[in-house]
Each structure stands twice: as C-alpha cells, then as structure tokens.
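>>> Let's see this in three dimensions:
(chains A and B)
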Amino acid sequence: MFLFVLKGLLRDRSRSFFPVLIVTAGVLVTVFLIAFMSGYMESMVRQNARFDTGHLKIVTNAYAEKLSQKPYDLGFIETEAEFQQWQEDFPSIRWTPRIYFGALMDVPDAEGNTLEQGDVFGMAIDFSDPSAVSDIHLSEALVQGRIPEAAGEILLSEELFSKLQLELDSTVTLLGSTLYGAMSFRNYIISGTVSFGVHALDRGGIVTDIEDARAFLDMPGGASEYFGFLPLGVYDDDAVQEIKQEFNAKYNDEDDFSPQMLALTDQNDMGFMLRYMGFALGLITVVFILIIGIVLWNAGLLNSIRRYGEFGLRLAMGERKHHLYNWLIVEGLAIGVLGSLIGAALGMGVIQYFHVHGFDFGVFTKDTSMMVENIIYTNLELKNLLLGIIPGLVSTVLGAMLAGIGIFHRNTAKLFKELET
Amino acid sequence: MKKILYIILAMLLFAGVAQAITAEEILAQVDENMNAKTTKSTARMIVETRRATRTMSTVSYAKGNDIAYSEYTAPAREKGTKMLKIKDDLWLYDPSTDRVIQISGNMLKQSVMGSDLSYEDFMDEVELAKAYTATLQEDIVYDQRNCYVLSLSAKTDNLAYSKRMIYVDKERLVPLYQELYAKSGKKLKTMRLSKVTKINQRWYPLQVVFKDELKSGQGTTMIIDEILFDIKIPDHYFSKAMLRK
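Just a heads-up that it's a prediction; the model follows:
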C-alpha cells in the first residue's frame, strides 16, 4: 500500500513537490542545528574538562567553598601518599595534579628595575607526565619556542608576550603569595609562547611545571586540584557520579582540608548548561514539528479542496471515511519519509563539511568567560540524523491528520448531488 | 556670695568652652599624636589564616607620612625583603631574585604578606585633618573609655577610603576604633587600636588589629615593640639604593 501511495504521489507532482520541499528544508535545518548544538556542547565539555574541571576533580572542602576563585592557599600540601592511594583506589581513572594561581609578572630593565608589568594567570601541570601535557594540547598550542625542559622555564601567552614586546629566553620575575600568604618572588625564563583558544588563558596565561609552582607558592608535594579523566576521554555523567559517591563516602569528612570529589557537572554551572542544552534541543524539535505541521496542515487543506471531487467520488463508491482518512495519513507519511530522507542526506553533507572544516567561533567567544573552543565542529552521529528525521515524519503525519478531519464532515447523502454539479 | 556666683559662672564658661571643641580640633590633635616628623619602629605582624598563624617582624623608618622604608627581619623566608614608599611610588626588593619591583595599579589593592592590609593601606597614611572633613556625632563609651565619634568624608577622590567612622579617646586624643568605607558606602575594613601608651609627650596605640571585612578570618594584629619619634634618620634610608644594600 505504501509503495502504491508513493507512486501516486510521485506521479501527481502537485500533491508531493511542495510538501516534500518543506519537509526536506525543515529536516535539513533541524539535523544541522542538532548536530551543531551537540558539537558545541561536546566542545564545551571537552574544553572545560581540559582546562578547568577535569571529568572529576579532587579539592579540599575549603577550596570547594570558593571554587570559582581558585584559592590555591586552601589547596593540598604534602599529599603524595594520599594521591598514591587515590590512584590505587580508582585505577581506571587517569589522575594528574594541577595548581592554578594568580601573580604579577614583572619584566626587568638592564639594571633589574621594573620595565613592564602585567597580571598573569598561572596553570601548573606535571611536565614529566606526557598525558598531562597532551591533556591541554600543549604541542598544538605552542606558537613559538619550545615546551619547558628545565626548572625555571615557563610558557607565556602569545598575546601578552607580544604586548610586552618580550623575546624568547628572556627572564621575567613572578611576584605572588605563598600558600601562607607570604610574598613570593621567582625568576623564570620564557621558553615559548602559547595560544590555547581559551580567552582567559590567551589574555595573560602562563604554563609552568608543577614542581616550579610548588616551590614558588610554598606548596611542597601539593596541588590546588587533582584532575581525573575517564579512560575513553569521553564524559559519562553516570559513571562519574558513581565514582564521586564512592570517593566522598570513603574520604570526605567535615575538616576544612579533607578531600572532596567533584564531578564536571558540579562545576562552572556545567550541570545546568548541559541540562539547558538538552532542553534547547528538545525545544527545537517541538518548534520544528509545530511549524512544519501547521504549514503541511495548510497544504493539506488546499489539497483537500483541489481533491474535493476525488474524495467525494471515492466516498460515493463506498469507500469508508476512516479508510480515506488513513489513506491521507499514509500519503503524509510517504511525503515525510521522502522529504526526511532527502533532508537528512543533504544535512549529512553539510554536517560532514563542518565536521571537517568547523566554524570559527572565536569572534563570538572573544569577550566571554565561557570555555568553548574557537573552532566548533558539528557532531557527526547517527542519532543526530535520527533526531532530525523524527520531527520530519511526525509533522507530516500531524499535518495530514489535521487536514483530513474535513473528510468526516462530508455528508454522504449529498455526494451524488455534489457530483452532478 | 558674689564670689561664689563668679566661680560658678567661670566654671560654666569653661564647661562651655570644653564642650565647644570642634571636630576639626579633635582631628588635629589626633594627627599630632599619631604623626611625627620621623619615626623608627620595630614591630610584629601576626597574620591568622585558615591554615596557620604566622608572625613577621619588621624594622621601619618613616619621614612624615609620605616617605617610609621597611625591612622584614623574620621569618627566614621573608627576611631581607624590603619596601620603600616615596609619595605615590612603592618598591619592593626581594633578595632571592635580587629584583626591585615597583608596585602599582591593581597590585596596590593586593594583600601584604597575606595580611588584612593592602599595599594601598601603606600608601594611604594621611593627616586626617588635611584629607577629611569631619562631623562630630554623639559620644560613645568604647573599651571603657569615653570617646568622641567622628564621621569623616574625604575632601578629594584619590583616597583609598572615602569615608571613615572614628572613635577618639576623649582624654588621650588617640583613635581607638576606625571603620573604613568605600565610596559606595560599603564597609571595607575596621581597625581596633589598643595598648595606648605615653611615649615622650604623646599618647600612642601600640597594638592595632586590622580586619578586612570582605575576608573571613580573625584579622591581622600589628604589635609595635619599640617606637622612637622625631629622631635623626639619614636620608640614604629613603633611597632606592638602600633596597639592594
């Protein structure tokens, strides 16, 4: 029956062309939007995990209270044994220590007096761990120079480096506070410059080795945060919540400096953002269904007027109203399938293009604090195609159902009289 | 009888004169007690944080309110760190890096050695009578002392604190308590001054507890172990060359 209906539709272009065109356009837009938003969401999760949240994070209770301020003075010290234990307890998770800190960078003149100054945001990672280096895509972010190889070397943001007109291998002094609030000074050599595509870091960031930061901030064997990453590198909230509960039940107590595990969704409003994005995707689907449904309803009504005679004749010949109504729905479904397939195929092509080349979103994220990659790639997943096709089918069926109601208003007794005219 | 009436009248007149002391006069006398041509002091700063309590020792030399030089003498990590203030400029010297660093801009608002004091607080030592317009409020008993309450408004925009509320000991004319406010009216800091001691001809508080009201914690206690007023201090103490010595 379906093929028979489809054949009829294809032969009568006036019945199929316009509705198929609408469904195709709608599915194309929806598939693309879903793939884009999904890509955006994944980019946000990836970028936050790399630079700010990890998939999991262990901090002290006191640090967690002021998490957004990154108060390293409330971080861990002398926790090598504990860190070892946590690694043994959760071997599937890859753990790495980080220290985030703020400091004043002072550039000296030939006599050692202040020439230039700038506020910097420091991120200390374990350079001896290749995974920790690749976590933040350091090699890709390197603009000039080299990754630090010795103590006392740092990477500086390319933006600040240019602004202060510095040279590679020049010495700068960092002025900050130790964990105990004492003044701390340390000379560093700039071994290279970086640009991560993360505004906060690119504006005035430095990357240093964790041991250097520990010495500078008087945090022996410590870290402000311990990042944890799931084995496949893809965030899975269910798995993370399970690990978090297990860890906190075992190690967390009321002490200010007791370790506390946080999930990615507990930080930076990421939980809300992910829920909001999910809601937005649902909303797009519903809006699409409503709009296309209304357009197709209207097209169906026009079609009914054009096919008034045909329906009358078929009813007069004894075809039941329900059968005719179902027929229209199957016609709608056929249009939906055809339009959705064409729309999905075209959408697939567009998604594929942006999956490879991406969108340069840097212009929009330049002045925001949101951690999103500058280039957003559309998400090439089958589920996104299906999510786009479903509203294509639902809207055509809905449109046909609404338009077909008129069939039940036809008065059978008057049909022959109508046919005479 | 006439004689008694004269005495009563005279007493009333004196009482009237005593009550008529103006806010500006109180402030001027406070300035006279708190400021000197030169000072040399040794002091301890006790900083309490959530993690630990630290005590730092300093030797400081000052000429008026505009010029000051301090050297940290303990603990070991801070020993040899020096600070020089000349009018609106502030320099720090660190022996481990052998660097002289000028502190300016945003950095002035940062905490000094994790204390409740900012660099700006060091820069903002002013003669109150010159910098603020004072209004006398209702008297108060504070720390078992009768006090004047003065409300101060900055005469210019360039002060760190545009308003102050200050309790002044009526008898010794030294401040015992201060509240420091931002332009918005937000209370930023409080100071509790105690151990008021007579040194030479002036009363001076030897202990001050600073509390940054925007921070949690117990505050920072400054204890002056020794202070000398109006002594001769060689000019080279207040030069940048002194920092590297």
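>>> Buried residues of stretch B:224-234, list them for me.
Using 16 or more other Cβ atoms under 10 Å in any protein chain shown as the test for burial, stretch B:224-234 gives B:Ile224, B:Ile227, B:Phe229, B:Ile233. Quick note: C-beta positions are derived from backbone N, CA and C, even for glycine.
>>> Return the member of the residues you listed nearest to chain A.
Of all the buried residues of stretch B:224-234, B:Ile224 has the smallest distance to chain A: 20.9 Å, by Cβ to the nearest Cβ.
>>> Show me which strand runs longest in chain B.
When chain B is parsed with DSSP state E, its longest strand is strand B:187-199.
>>> Adjacent strands (with direction) for it?
strand B:175-181 (antiparallel), strand B:202-212 (antiparallel) (DSSP bridges).
>>> for the residue in chain B positioned nearest to chain A, helix, strand, or coil?
Chain B approaches chain A most closely through B:Gly114 (1.3 Å), counting by Cβ to the nearest Cβ. Under DSSP: H, G, I helix; E, B strand; the rest coil, the three-state class of B:Gly114 is coil.
>>> now the closest residue to it other than its chain neighbours, what's its secondary structure?
Spatial nearest neighbour of B:Gly114, excluding adjacent residues (Cβ to Cβ, 6 or more residues apart in numbering or on different chains): A:Gly181 at 1.3 Å. Per three-state DSSP, the local secondary structure of A:Gly181 is coil.
>>> If I look at A:Gly181, what pLDDT would I see?
In this model, A:Gly181 is scored at 82, pLDDT.
>>> rewinding a little: in the longest strand of chain B, what's buried?
Buried residues in strand B:187-199, counted by 16+ other Cβ under 10 Å: B:Leu188, B:Lys189, B:Thr190, B:Met191, B:Arg192, B:Leu193, B:Val196, B:Ile199.
>>> Spatially, what comes nearest to A:Val356 if we skip its sequence neighbours?
Among residues not flanking A:Val356 along the chain, A:Tyr377 sits closest, at 7.9 Å (Cβ to Cβ, 6+ apart).
>>> Now do the contacts for that neighbour.
Contacts for A:Tyr377 (Cβ atoms under 8 Å, 6 or more residues apart in numbering or on different chains) come out as A:Gly39, A:Ser43, A:Phe354, A:His355, A:Val356, A:Gly358, A:Phe359.
>>> now swap in A:Pro148 and tell me
A:Phe127, A:Ile154, A:Leu155, A:Ser191, A:Gly192, A:Val207, A:Thr208, A:Asp209.
>>> Quick check: which element contains the fourth one?
Assigning secondary structure by DSSP states H and E places A:Ser191 in strand A:183-194.
>>> Pairing partners for that strand, with directions?
Paired with strand A:183-194 in the same sheet, following DSSP bridges, are strand A:142-145 (antiparallel), strand A:153-157 (parallel), strand A:171-177 (antiparallel).
>>> Same list (those strands) but as CSV, adding distance to A:Ile389.
Shown next, in CSV, are the strands paired with strand A:183-194 (distance: least, Cβ to Cβ, whole Å):
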stretch, distance to A:Ile389
strand A:142-145, 43
strand A:153-157, 45
strand A:171-177, 56
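>>> Just say which of these is most tucked in.
The highest mean neighbour count among the strands paired with strand A:183-194, using mean count of other Cβ atoms under 10 Å in any protein chain shown, belongs to strand A:153-157: a mean of 25.
>>> Would you mind pulling the contact partners of that strand?
Counting contacts by Cβ under 8 Å, 6+ apart, the residues outside strand A:153-157 that touch it are A:105, A:120, A:138, A:142, A:145, A:147-148, A:166, A:172, A:188-195, A:201-209, A:212.
>>> Tell me the first helix or strand C-terminal of that strand.
Sequence order places helix A:158-163 as the next helix or strand after strand A:153-157, per DSSP H and E.
>>> Go ahead and report the secondary structure state at the closest residue to B:Arg164 other than its chain neighbours.
In this structure, B:Arg164 finds its nearest non-sequential neighbour in B:Leu152, 4.1 Å apart by Cβ to Cβ, 6+ apart. Secondary structure for B:Leu152, judged by three-state DSSP, is strand.
>>> Could you do the one 5 residues further on as well?
Look at B:Asp157: counting by three-state DSSP, its state is coil.
>>> Low-confidence stretches in the chain?
Went with chain A since none was named. A:1-2, A:5-6, A:8-10, A:300, A:303-305, A:362-370, A:412-421 (pLDDT under 70).
>>> To clarify, I was referring to chain B.
In chain B, residues with pLDDT under 70: B:1-19.
>>> residue contacts, residue 24?
Went with chain A since none was named. A:Thr24 touches A:Gly339, A:Ser340, A:Ile342, A:Gly343, A:Leu346, counting by Cβ under 8 Å, 6+ apart.
>>> switch to chain B, that's the one I care about
When contacts are counted by Cβ under 8 Å, 6+ apart, B:Glu24 is found next to B:Ala129, B:Ala134.
>>> now do 6 Å
B:Ala134 (Cβ atoms under 6 Å, 6 or more residues apart in numbering or on different chains).
>>> Name the surrounding residues that touch the strand holding A:Ser191.
For strand A:183-194, the external contacting residues (Cβ under 6 Å, 6+ apart) are A:141-146, A:148, A:152-156, A:158, A:161, A:169-176, A:178, A:216, B:94, B:96-97, B:113.
>>> Can you mark which positions in that strand are buried?
Here strand A:183-194 shows A:Met183, A:Ser184, A:Phe185, A:Arg186, A:Asn187, A:Tyr188, A:Ile190, A:Ser191, A:Gly192, A:Thr193, A:Val194 as buried, counting by 16+ other Cβ under 10 Å.
>>> Could I get the full set of strands for the stretch 251-400 of chain A?
Listed in chain order, the strands of the stretch 251-400 of chain A (DSSP state E, counting those that start in this stretch) span A:259-263, A:359-360, A:375-376.
>>> Indicate which one of these is closest to chain B.
Of the strands of the stretch 251-400 of chain A, the one closest to chain B (Cβ to the nearest Cβ) turns out to be strand A:259-263, at 15.2 Å.
>>> how close does the nearest residue to A:Gln267 once chain neighbours are set aside sit to A:Ser43?
Leaving out its chain neighbours, the residue that sits closest to A:Gln267 by Cβ to Cβ, 6+ apart is A:Thr53, at 4.4 Å. Going from A:Thr53 to A:Ser43 by Cβ to Cβ, to the nearest Å gives 14 Å.
>>> of these two, who's got more company?
Neighbour count, other Cβ atoms under 10 Å in any protein chain shown: between A:Thr53 and A:Ser43, A:Thr53 has more, with 24 against 20.
>>> Does the more buried one touch A:Leu264 like I think?
Yes: the criterion here is Cβ atoms under 6 Å, and A:Thr53 meets it with A:Leu264 at 4.7 Å.
>>> Enumerate the residues of the stretch 251-400 of chain A near chain B.
Residues of the stretch 251-400 of chain A lying near chain B by Cβ under 6 Å from any Cβ of the partner chain: A:Asp256.
>>> my guess is B:Leu128 contacts B:Leu27, does it?
Yes: taking Cβ under 6 Å as the definition, B:Leu128 is a contact partner of B:Leu27 at 5.0 Å.
>>> Between the two, tell me which one has more neighbours.
Ranked by neighbour count (other Cβ under 10 Å), B:Leu128 and B:Leu27 place B:Leu27 first, with 26 against 22.
>>> Let me see the contact set for A:Ser38.
Counting by Cβ under 6 Å, 6+ apart, A:Ser38 makes contact with A:Asn379, A:Asn384.
>>> Repeat that for the one 10 residues further on.
For A:Asn48, the residues meeting the contact criterion (Cβ under 6 Å, 6+ apart) are A:Asn268, A:Met270, A:Met371.
>>> What's the separation between the second one and chain B?
Pointing back at A:Met270 there. Distance from A:Met270 to chain B, counting by Cβ to the nearest Cβ, to the nearest Å: 27 Å.
>>> And for that residue, nearest residue in space, chain neighbours not counted?
A:Leu264 is the one closest to A:Met270 (Cβ to Cβ, 6+ apart), at 5.5 Å.
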